[in-house]
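>>> Model the following, please.
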Amino acid sequence: MDTLTQSIKDRLSGAALPRHIAIIMDGNGRWAKQRGLPRSAGHYEGVSSVRKATELCSDIGVGYLTLYAFSTENWNRPQEEVDILMNLIGMAIEQETPDLLRNNVRLRLVGDIERLPDEARSRLFRSRSILEGCTGLTLSLCLSYSSKSEITRAVRRLADMAVAGEIDPQSIAEETIADELYTYPTPDPDLIIRTGGEKRLSNFLLWQAAYSELYFSPVLWPDFGKEALADAIADYQMRERRFGLTSEQVEGDADAERQPI
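Below you'll find the model as predicted:
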């Protein structure tokens, strides 16, 4: 663990860490435009931020990191940019796999993965297979992902099961739906971060974000390093998570947990 990571770990040690962090990685194109570079340069630079975020979460003990890498809507971008992104995603994960393995990071692929080009999909599948036995941080890449499509898919699957007599429609609960989402069995995110200054979820984890803490950073993704991520986590640690309860109830539950048995 390097000196910077150790100092961040010490800084964040006074309160509970989020178990699951999800990030909307926004601002690659604007980063490149500000420097007079092609948009692809921003995407390539953003890979460094992915590495830094993964390393920090792994080193400080975050259990799950989910990254919004490519949305269903992104298929509508210029074909040249889509091709660059698909090649970059597969190549970058393949190149990072040895380090991910050394750091005990498991890889999950979330979304309509079959829609990805064959070469990118094959590279991602190989990396996922290599990392399958890892037991540390779970890194989930949302690719060809749309939360509305995810929920629609889950509803259709449950409807098919109901028509086939496999389930009673009256037995369908929130947990039943959650079990049919792409993200199952990953727990819902505690903290969702969006970089680049925009303040919306953009069709990302809409079901799972029901009680997530939201953090919006003006920093463009290629510039979003370990210190910026630590700032987001520190902000999360100062919040009171009530889940519909009152502050007094939350404080009472905490006091009860501290009582000796």
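>>> where exactly do the helices run in the stretch 151-261 of the chain?
Using DSSP state H, counting those that start in this stretch, the helices of the stretch 151-261 of the chain run over 174-179, 226-237, 247-258.
>>> Now do the strands for this structure: every range, in order, please.
All strands of the chain, identified by DSSP state E, fall at 20-24, 64-71, 106-110, 138-145, 191-194, 213-216.
>>> so can I have a markdown table of these showing mean neighbour count, mean pLDDT and distance to residue 200?
C-beta: built from backbone N, CA, C; applies to glycine. Output for those, formatted as a markdown table (neighbours: other CB atoms under 10 Å; pLDDT from 0 to 100; distance: least, CB to CB, whole Å):
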| stretch | mean neighbour count | mean pLDDT | distance to residue 200 |
| --- | --- | --- | --- |
| strand 20-24 | 26 | 98 | 9 |
| strand 64-71 | 23 | 98 | 12 |
| strand 106-110 | 20 | 98 | 20 |
| strand 138-145 | 24 | 98 | 16 |
| strand 191-194 | 25 | 98 | 8 |
| strand 213-216 | 17 | 98 | 9 |
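>>> Tabulate those strands in CSV, adding columns for distance to residue 1.
Output for the strands of the chain, formatted as CSV (distance: least, CB to CB, whole Å):
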stretch, distance to residue 1
strand 20-24, 18
strand 64-71, 17
strand 106-110, 20
strand 138-145, 18
strand 191-194, 22
strand 213-216, 24
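>>> How many neighbouring residues does residue 7 have?
As a burial measure, residue 7 scores 13 neighbours (other CB atoms under 10 Å).
>>> Sorry, wrong one. I was asking about residue 189.
Here the number of neighbours of residue 189 (other CB under 10 Å) works out to 25.
>>> Quick one: residues contacting it.
Counting by CB atoms under 8 Å, 6 or more residues apart in numbering, residue 189 makes contact with 18, 20-22, 64, 66, 205, 208-209, 212.
>>> Pick out the residue closest to the middle of the chain.
In the chain, the C-alpha nearest the mean C-alpha coordinate belongs to residue 66, at 1.6 Å (CA atoms, centre = their mean).
>>> ok, that one to residue 147 distance?
Separation of residue 66 from residue 147 (CB to CB, to the nearest Å) stands at 12 Å.
>>> again with residue 76
Taking CB to CB, one finds residue 76 at 17 Å from residue 147.
>>> ok, these two, which is more surrounded?
Set residue 76 next to residue 147 and count neighbours by other CB under 10 Å: residue 147 wins out with 23 against 9.
>>> Would you check that that one makes contact with residue 205?
Yes - counting by CB atoms under 8 Å, residue 205 is a contact partner of residue 147 at 5.8 Å.
>>> What ranges in the stretch 151-261 of the chain fall below the confidence cut-off?
Applying pLDDT under 70 to the stretch 151-261 of the chain picks out residues 253-261.
>>> and residue 164, how many neighbours?
The burial count for residue 164: 8, using other CB under 10 Å.
>>> now swap in residue 218 and tell me
For residue 218, using other CB under 10 Å, the count is 11.
>>> Disregarding flanking residues, what is the spatial nearest neighbour of it?
The spatially closest residue to residue 218, leaving aside those adjacent along the chain, is residue 197, at 4.5 Å (CB to CB, 6 or more residues apart in numbering).
>>> got the phi/psi numbers for that neighbour?
The phi/psi pair for residue 197 (degrees, to the nearest 10) reads phi 90, psi -20.
>>> From residue 221, how far off is it?
11 Å.
>>> now do residue 188
23 Å.
>>> which of these two has more neighbours?
Neighbours per residue, other CB under 10 Å: of residue 188 and residue 221, the larger number sits with residue 221, 28 against 18.
>>> which ones are touching the more buried one?
25-28, 31, 42, 46, 49, 195-196.
>>> Pretty sure residue 177 sits against residue 207.
Yes - Residue 177 is within contact range of residue 207, at 7.3 Å (criterion: CB under 8 Å).
>>> Now for these two: what residues contact both?
Residues within reach of residue 177 and of residue 207 at once, by CB under 8 Å, 6+ apart, are residue 151.
>>> Right, I'll leave it there.
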